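Asker: Pasting the sequence and the predicted coordinates here, then a few questions.
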Amino acid sequence: ELNERLVQSPHVATIEIPLPDLEERTHFVPIAAGGDVAKVAEFTTPQLAEISNGLTLTNLNVLLTQASRNGNRLDSQKFRELKKSMIERQCQGLVEIIEPKHTLELVVGLDAAKERLQQDATWLAEGRLDSAPMGYLICGPVGTGKTFLAECYAGSIGIPCVVLKNFRSKYVGETEGNLEQVLGVLRSLGPVVVIVDEADAALGNRQASGDSGTSARVFSMIASQMGNTRYRGQIMWMLLTSRPDLLPIDLKRQGRAEVHIPLFYPTKAEDIAQMLRMMAKKNKVKLADDAIPQVDPARRLSGADLESIVLGSKRAALTNQREVVERADVDQALTEFIPSVQGLEKELQELAAVLECTQKSFLPAEWQEKVSQPDGRSRLQERMVAIRQLIEEGM
């Protein structure tokens, strides 16, 4: 935001002032608490210094002095809530901190992907940061539960989860300033999982398309941070997209978002039944013991579709003055539900997910067979190009 002649002058040095580290916070906590931390918080000085990562000293001072004046000691829940609020305001609403309530145990199917994620989560919890990937690319057709999987992963590790919001601004230079502020907080907040939804649109690329080079600079800043191995195991990037083919190769190469996990619609009747039960549990819907029918996988229902069916069956039960959903309610919701007919777009997204996959065991058996053929990937790429042309011609 300063004049370019000043910023670009060879006589001017740019110095980054990072957020306070653990040593600085440990020194500052007793001062802000008035000498006796036990009077203002249910933590020791080292504990409070450890959990206050991501806060400025000013914010930490406000928390402790308010607790001292009010006489209300900070417990773990109150401190988490206040810290979440302050960091979100510190980032000017550009990030949202969520505390995942679910773990990978709730994810249905995807056995190989779950096993890989669970193994990574276990090693991270044990402090083996060198074994952690720099990031993950979660891809697949719409409604397959990409965001849910990312949150369950964060819940299994037991660390905060940050959702990156729209940091772009219409003013020149402000977008880069917003992003630098967010990255500074993430660097001090780790370990943390960073979720970037619709990554193909949010992160931009190297091409400056009429925006004075903003997209190219944003892309460069994020790519540089993602590839910084100093933060391996501290900042875990999870890029979510239904069109991984539109994501620049620089971001999805090894050393950045290096593990590519594809998601698909359930292909087994038992998986569909289990997903219906999980969706009912998630939405606090009471099901009768025999409420779940056999659903034909050929209907190609997504997780979002199944959740809509569960909510529709609850509505049917409430209409009949019942709290418990019965088989007839689910059958009625299944009969009335009409899924999206955008078949070509979904097939394109599915093919893109298959071609991006970095581990064959992540794929369902039918896709493993197609990919394993001598010219299997070439045929899939040809089909993908043909679908893309058909879609463009129809627009």
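Answerer: That came through, no problem. Bear in mind that the values here come from a model prediction, so they are computed numbers and not experimental data.

Asker: What are the boundaries of the strands in the stretch 151-300 of the chain?
Answerer: In the stretch 151-300 of the chain, the strands defined using DSSP state E, counting those that start in this stretch lie at 161-164, 192-196, 235-241, 259-262, 286-287.

Asker: Among those, which comes closest to residue 111?
Answerer: Smallest distance to residue 111 across the strands of the stretch 151-300 of the chain (CB to CB): 12.1 Å, for strand 259-262. All C-beta atoms are positioned from the backbone trio N, CA, C, and that covers glycine.

Asker: bridging residues for residue 195?
Answerer: Residue 195 has these beta-bridge partners by DSSP bridges: residue 163, residue 238.

Asker: where does the stretch 51-200 of the chain dip in pLDDT?
Answerer: 168-173 (pLDDT under 70).

Asker: show me where the stretch 1-150 of the chain has helices.
Answerer: Along the stretch 1-150 of the chain, counting by DSSP state H, counting those that start in this stretch, helices occupy 4-7, 22-32, 45-51, 57-70, 76-90, 111-125, 146-157.

Asker: which of the ones you listed is buried the deepest?
Answerer: Sort those by mean neighbour count, taking mean count of other CB atoms under 10 Å, and helix 146-157 sits at the top with a mean of 23.

Asker: now could you export just the CA positions of that one as PDB?
Answerer: Taking Å, rounded to 0.1, in the frame of the first residue of the first chain, the C-alpha atoms of helix 146-157 are listed here in PDB:
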ATOM      1  CA  LYS A 146     -14.900 -33.800  -0.100                       C
ATOM      2  CA  THR A 147     -15.300 -31.200   2.700                       C
ATOM      3  CA  PHE A 148     -16.600 -33.800   5.100                       C
ATOM      4  CA  LEU A 149     -13.600 -36.000   4.500                       C
ATOM      5  CA  ALA A 150     -11.200 -33.100   5.100                       C
ATOM      6  CA  GLU A 151     -12.900 -32.200   8.400                       C
ATOM      7  CA  CYS A 152     -12.900 -35.800   9.500                       C
ATOM      8  CA  TYR A 153      -9.200 -36.000   8.900                       C
ATOM      9  CA  ALA A 154      -8.600 -32.900  11.000                       C
ATOM     10  CA  GLY A 155     -10.800 -34.400  13.700                       C
ATOM     11  CA  SER A 156      -8.800 -37.600  13.700                       C
ATOM     12  CA  ILE A 157      -5.600 -35.700  14.300                       C
END
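
Asker: list the helices and strands that helix packs on?
Answerer: Judged by 3 or more CB pairs under 8 Å, 6 or more residues apart in numbering; DSSP states H and E, the packing partners of helix 146-157 are helix 111-125, strand 135-139, strand 161-164, strand 192-196, strand 235-241.

Asker: any chance of these in a markdown table, with distance to residue 295 too?
Answerer: Shown next, in a markdown table, are these (distance: least, CB to CB, whole Å):
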| stretch | distance to residue 295 |
| --- | --- |
| helix 111-125 | 20 |
| strand 135-139 | 25 |
| strand 161-164 | 31 |
| strand 192-196 | 30 |
| strand 235-241 | 26 |
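
Asker: quick revisit: export the strands of the stretch 151-300 of the chain as TSV, with columns for distance to residue 335 and mean neighbour count.
Answerer: Formatted as TSV, these follow (distance: least, CB to CB, whole Å; neighbours: other CB atoms under 10 Å):
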stretch	distance to residue 335	mean neighbour count
strand 161-164	36	21
strand 192-196	36	24
strand 235-241	32	25
strand 259-262	31	24
strand 286-287	18	17
